[in-house]
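K.L.:
pasting a predicted model and its sequence here:
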Amino acid sequence: MFDDDLPRKKSDLLADLAREDLDRLSIADLDARIAALEAELARTRTKRAGAADFRAAADSLFKK
């Protein structure tokens, strides 16, 4: 009943995305989906690069 209020695991969201039926989407819908996914990839890559830079800076503080 209250399951919709709980945060979902990332893996569940990705699995749901992968299972989505693409046959019902128009070419315009597919193009929009691709653009949204590419934007999310760019956002994720930017976040990962920032995290890697932060980690490298932290590691350099503790190197002997």
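P.N.:
Done, it's in.
K.L.:
use CA for all of it now, contacts and neighbours both
P.N.:
Will do.
K.L.:
can you give the distance from the helix or strand containing residue 29 to the centre of its chain?
P.N.:
Using DSSP states H and E, residue 29 sits within helix 27-62. From the chain centre to the centre of helix 27-62 is a distance of 8 Å (Cα atoms, centre = their mean, to the nearest Å).
K.L.:
what mean pLDDT does it get?
P.N.:
Helix 27-62 shows a mean pLDDT of 95.
K.L.:
tell me how far residue 37 lies from residue 51.
P.N.:
Here residue 37 is placed at a distance of 21 Å from residue 51 (Cα to Cα, to the nearest Å).
K.L.:
can you check the pLDDT for residue 5?
P.N.:
The predicted local confidence for residue 5 is 66.
K.L.:
kindly apply the preceding question to residue 13 instead.
P.N.:
Reported pLDDT for residue 13: 87.
K.L.:
what's the neighbour count on it?
P.N.:
11 (other Cα atoms under 10 Å).
K.L.:
any idea which element it lies in?
P.N.:
helix 10-19.
K.L.:
which other helices and strands does that helix contact?
P.N.:
Applying 3 or more Cα pairs under 8 Å, 6 or more residues apart in numbering; DSSP states H and E, we find helix 10-19 packed against no helix or strand.
K.L.:
now find how far off-centre that helix is within its chain.
P.N.:
10 Å.
K.L.:
buried set for that helix?
P.N.:
For helix 10-19, the neighbour count (16 or more other Cα atoms under 10 Å) marks no residue as buried.
K.L.:
what does that helix contact?
P.N.:
In this structure, no residues lie in contact with helix 10-19 by Cα atoms under 8 Å, 6 or more residues apart in numbering.
K.L.:
count the neighbours of residue 52 for me.
P.N.:
Counted with other Cα under 10 Å, residues neighbouring residue 52 total 12.
K.L.:
go on, residue 48?
P.N.:
12.
K.L.:
before we move on, what about residue 30?
P.N.:
With other Cα under 10 Å as criterion, residue 30 counts 14.
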